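1. Any chance you can model this:
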Amino acid sequence: MLVQLLILLCSSLLCAATIPRASTNVIDPCLPVSGSVTSDDSFLTTVSDNFSHCPSGAWKPNGTNAFRVWSYSDMGNDYPLVVVARQGNAVLSWTVPFTPQGFDFSFDEANRTLCPITPPTINDTTPVFVDLFTNSLSPVDYSITVEPVPNYELSLNETQSVTIGANTPQIRYFRFPDTSDVVTIEAESDNEKCAVISVQNNSCPANDLLKNAKSIGLFQTMSTSAFLTVKANQVENREFLLVMITTNYSVCHKGDFSNLEPLGPGENETLYPASLNDTVFQQTMNITIRKEKPAKKYIGALLIPPAIFIGVGIMVCFLMLVSRYVPHCFWSPWCECIKSKGHEENGAINQPGERTPLISSQALPRAVEDHTVAHPLAKEEKDLRLHHMLGKDRKTLESQYGLYGWNTITVGIFYGLPAFQLVLAQQQLVHTSGNQDQCFYNFKCARPAGVFSAFNNIWSNIGFFLLGIVFIIVVMIRHVRYRQKKRDDKEYVESHGIPQFFGIYYAMGTAMIMEGFMSSFYHICPRNANFQFDTAFMFIIGGLMLVKIFQNRHPN
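-> Predicted coordinates for the structure are as follows:
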């Protein structure tokens with residue numbers, strides 16, 4: 001029995017010898033603490049409520065505050081210092097030296113922000129603990145500072161300057177006022193370094209690492225500026241956290257990096273421009289949150305463009321209708337001069353009822369005179385007109401040219417519907433994933449409405465649609481007049497001017513309308529893969545114009 005007790009006693013002593021010795025200290029905020037730690041011991045500290053060492057106003061007793069833990073160690077990556085910050089049920093941990101995602105080298109300093117708290121005193125509510133560990137047998141030097149984040153809570157229409165870095169992400173808190181449900185966040189940087197702006201729910205702990213910030217909430221990459229629109233129903237309890245992280249240059253800039261120089265020791269380092277080649281990767285941002293105007297405030301501005309286009313269309317149609325009752329020479333002051341010149345060249349003025357043939361049978365090439373097909377050209381003594389040169393019957397040609405319009409409608413339907421489904425799915429993906437880099441919006445000018453992130457860009461194509469309708473109406477008026485003139489005096493119509501076919505004109509008007517639709521589809525989610533939707537009917541319109549010019553010279 002005595003032997004068993006001795007064995008148990010020795011075992012307990014051996015186990016106690018292997019447990020790291022923990023030293024507990026109470027530190028004051030904003031007061032640096034330095035020391036060393038080995039694998040045999042650890043360092044545990046709690047934060048007091050003595051803010052005498054902090055700048056005035058850094059801690060707001062009646063406001064929303066947060067602590068920030070500054071950690072430093074230069075002992076290398078073989079046995080890094082492990083920092084664990086605990087606050088309530090939330091735990092943050094990181095290693096120093098710190099290697100951010102996307103970088104091939106480490107930083108000796110790393111800073112993280114803890115959960116927001118609003119207590120009268122710290123110890124009465126949520127204590128803050130900082131634990132330090134290492135696997136190194138030799139002492140690892142460290143420096144720790146716990147301090148409140150100044151101006152942690154953002155306010156409307158107030159610009160706040162924030163300094164961020166790859167190893168020093170920043171977090172700010174904002175709560176929607178009762179008078180606004182939509183706000184805009186504008187960030188302006190003092191250089192072209194790449195950063196990620198993330199909007200997250202006010203949860204604890206915050207996701208201030210790149211891989212986490214890009215998997216939750218809304219986020220957007222930026223180089224010199226960023227602009228985010230946030231609705232109150234997109235976050236919980238009408239409050240959110242704004243996370244800012246400096247990241248690798250290639251996250252913002254895709255393509256060839258052959259003109260960039262590596263940064264840091266080694267040959268295969270993270271690429272960065274030579275002009276941004278510093279050692280801290282810091283940039284200063286100016287953050288401003290403003291109240292966004294509700295969508296109904298833009299109704300007047302949205303109605304002005306279509307009102308202008310409709311007014312122009314009504315004026316054009318009115319002039320087309322009125323011109324029927326006005327002599328032709330009323331519109332052309334040179335009409336009489338042209339008539340006189342033409343009569344002088346003919347040597348005499350034709351008497352009323354007399355008509356000068358456009359083409360004489362004597363001027364017809366022998367190859368045409370010997371045409372073996374039964375056609376008016378074969379009649380040698382008949383005065384030739386342009387309509388005599390048609391190789392097919394006029395009704396057949398009118399039917400064939402009419403297919404241009406119907407084919408354009410068919411192409412528009414079977415090309416437009418899949419395109420609309422695709423861009424609408426991409427727009428929904430932007431909302432569900434929160435990745436606002438999927439579509440290339442001008443965020444500063446974008447005005448969201450409903451499910452569309454930039455409804456104003458979509459609405460800007462209303463001009464194509466309305467002017468396309470006006471164009472078709474003008475063509476219809478001319479087509480109806482031509483038919484009436486042909487019915488009243490068929491011989492006059494066939495002996496004057498070139499044969500008229502309106503099918504290509506209808507196709508051009510339809511293509512203009514489809515261009516309005518397709519350009520709108522592109523602006524739902526503008527990106528390189530969708531640019532084809534914006535330009536497809538531009539090429540069709542250009543092709544129809546070439547066909548029409550050729551058809552005017554070659555009616556058959």
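2. alpha carbons only for contacts and neighbour counts from here, please
-> OK.
3. Tell me where this structure has helices.
-> With DSSP state H applied, the chain shows helices at 2-18, 210-213, 249-252, 299-322, 328-331, 335-346, 366-369, 394-433, 455-459, 462-488, 490-495, 503-524, 531-553, listed in chain order.
4. Pick the most deeply packed of those helices.
-> Among these, helix 503-524 has the highest mean neighbour count (mean count of other CA atoms under 10 Å), at a mean of 25.
5. Quick one: list the elements packing against that helix.
-> helix 394-433, helix 455-459, helix 462-488, helix 531-553 (3 or more CA pairs under 8 Å, 6 or more residues apart in numbering; DSSP states H and E).
6. Next, the angle from the first one to helix 503-524.
-> Using axes from the mean of the first three to the mean of the last three CA atoms, to 10 degrees, one finds that helix 394-433 and helix 503-524 are set 0 degrees apart in direction.
7. tell me what helix 394-433 is packed against?
-> For helix 394-433, the packing partners by 3+ CA pairs under 8 Å, 6+ apart come out as helix 503-524.
8. How far away from the center of its chain is the helix it packs on?
-> Averaging C-alpha positions (CA atoms, centre = their mean, to the nearest Å) puts helix 503-524 23 Å from its chain's average.
9. ditto for stretch 208-224
-> With CA atoms, centre = their mean as the basis, stretch 208-224 stands 16 Å off its chain's centre.
10. gap between the two ends of it?
-> 20 Å (CA to CA, to the nearest Å).
11. Okay, buried residues for it please.
-> Residues 208-210, 213-214, 216-224 are the ones in stretch 208-224 that count as buried (16 or more other CA atoms under 10 Å).
12. Check these against residue 429 and report the nearest one.
-> Using CA to CA, residue 218 is the member of those that lies nearest residue 429, at 11.8 Å.
13. Name the residues linked to the closest residue to residue 94 other than its chain neighbours by a beta bridge.
-> In this structure, residue 94 finds its nearest non-sequential neighbour in residue 83, 5.5 Å apart by CA to CA, 6 or more residues apart in numbering. Beta-bridge pairing for residue 83 (DSSP bridges): residue 94, residue 132.
14. Could I get the buried residues of stretch 208-224 in JSON lines, plus columns for distance to residue 535?
-> Shown next, in JSON lines, are the buried residues of stretch 208-224 (distance: CA to CA, whole Å):
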{"residue": "208", "distance to residue 535": "41"}
{"residue": "209", "distance to residue 535": "40"}
{"residue": "210", "distance to residue 535": "36"}
{"residue": "213", "distance to residue 535": "36"}
{"residue": "214", "distance to residue 535": "32"}
{"residue": "216", "distance to residue 535": "35"}
{"residue": "217", "distance to residue 535": "34"}
{"residue": "218", "distance to residue 535": "31"}
{"residue": "219", "distance to residue 535": "30"}
{"residue": "220", "distance to residue 535": "27"}
{"residue": "221", "distance to residue 535": "28"}
{"residue": "222", "distance to residue 535": "28"}
{"residue": "223", "distance to residue 535": "29"}
{"residue": "224", "distance to residue 535": "30"}
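15. hmm, which two among these are most spread apart?
-> Taking CA to CA, no two of those sit farther apart than 216 and 224, at 23.0 Å.
16. re the thing from before, and of the helices and strands packed on helix 503-524, who's closest to residue 293?
-> helix 455-459 (13.8 Å).
17. residues in contact with that closest one?
-> Helix 455-459 is contacted by residues 302, 446, 447, 448, 449, 519, 520, 521, 523, 524 when judged by CA atoms under 8 Å, 6 or more residues apart in numbering.
18. ok, 6 Å please
-> Residues outside helix 455-459 that contact it (CA atoms under 6 Å, 6 or more residues apart in numbering) are 447, 448, 449, 520, 523.
19. Give me the spatial nearest neighbour of residue 169, chain neighbours excluded.
-> Nearest one to residue 169, counting by CA to CA, 6+ apart, is residue 245 at 4.8 Å.
20. correction: residue 219
-> By the measure of CA to CA, 6+ apart, the closest residue to residue 219 outside its immediate chain neighbours is residue 198, 4.1 Å from it.
21. Show me what that neighbour bridges to in the sheet.
-> Assessed by DSSP bridges, residue 198 has beta-bridge partners residue 219, residue 243.
22. Chain neighbours aside, what residue packs nearest to residue 57?
-> The spatially closest residue to residue 57, leaving aside those adjacent along the chain, is residue 150, at 7.5 Å (CA to CA, 6+ apart).
23. For the one you found, report the pLDDT, please.
-> In this model, residue 150 is scored at 84, pLDDT.
24. likewise residue 368?
-> pLDDT, residue 368: 46.
25. Centre-most residue in this structure?
-> Nearest residue to the geometric centre of the chain (CA atoms, centre = their mean): residue 441, 2.1 Å.
26. And that one, how far from residue 226?
-> According to CA to CA, residue 441 stands 11 Å off from residue 226.
27. what do you get for residue 400?
-> From residue 400 to residue 226 the distance is 54 Å (CA to CA).
28. Likewise for residue 456?
-> Separation of residue 456 from residue 226 (CA to CA): 19 Å.
29. Look at residue 136 and report its pLDDT.
-> On the pLDDT scale, residue 136 gets 82.
30. so what's residue 244 up against?
-> Here residue 244 is in contact with 169, 170, 196, 197 (CA under 6 Å, 6+ apart).
31. Find the nearest non-adjacent residue to it, please.
-> residue 197 (4.9 Å).
32. Could you report the neighbour count for the one you found?
-> Residue 197: 23 surrounding residues under other CA atoms under 10 Å.
33. do the same with the one 10 residues further on
-> Around residue 207 sit 23 other residues, with neighbours defined as other CA under 10 Å.
34. how about the residue nearest to residue 169, what does it touch?
-> 169, 195, 196 are the contacts of residue 245 under CA under 6 Å, 6+ apart.
35. pLDDT value on the last one, please?
-> Right, residue 196. pLDDT, residue 196: 89.
36. Name the nearest residue to it, sequence neighbours excluded.
-> residue 221 (4.4 Å).
37. Before we move on, what's the pLDDT of the one you found?
-> Note on residue 221: pLDDT of 88.
38. So it is in contact with residue 194, correct?
-> No: taking contacts as CA atoms under 6 Å, residue 221 lies outside contact range of residue 194: 7.1 Å.
39. Pull the contacting residues for the closest residue in space to residue 252 that isn't next to it in sequence.
-> Nearest non-adjacent residue to residue 252, counting by CA to CA, 6+ apart: residue 194, 5.8 Å away. Residues in contact with residue 194 (CA under 6 Å, 6+ apart) are 222, 223, 246, 247, 249, 252.
40. May I see those organised as CSV, with distance to residue 34 added?
-> Output for the contacts of residue 194, formatted as CSV (distance: CA to CA, whole Å):
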residue, distance to residue 34
222, 36
223, 36
246, 27
247, 29
249, 34
252, 38
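41. what about the residue lying closest to residue 195 once chain neighbours are set aside, how many neighbours?
-> Once flanking residues are discounted, residue 195 sits nearest to residue 246: 4.1 Å by CA to CA, 6+ apart. Neighbour count for residue 246, taken as other CA under 10 Å: 27.
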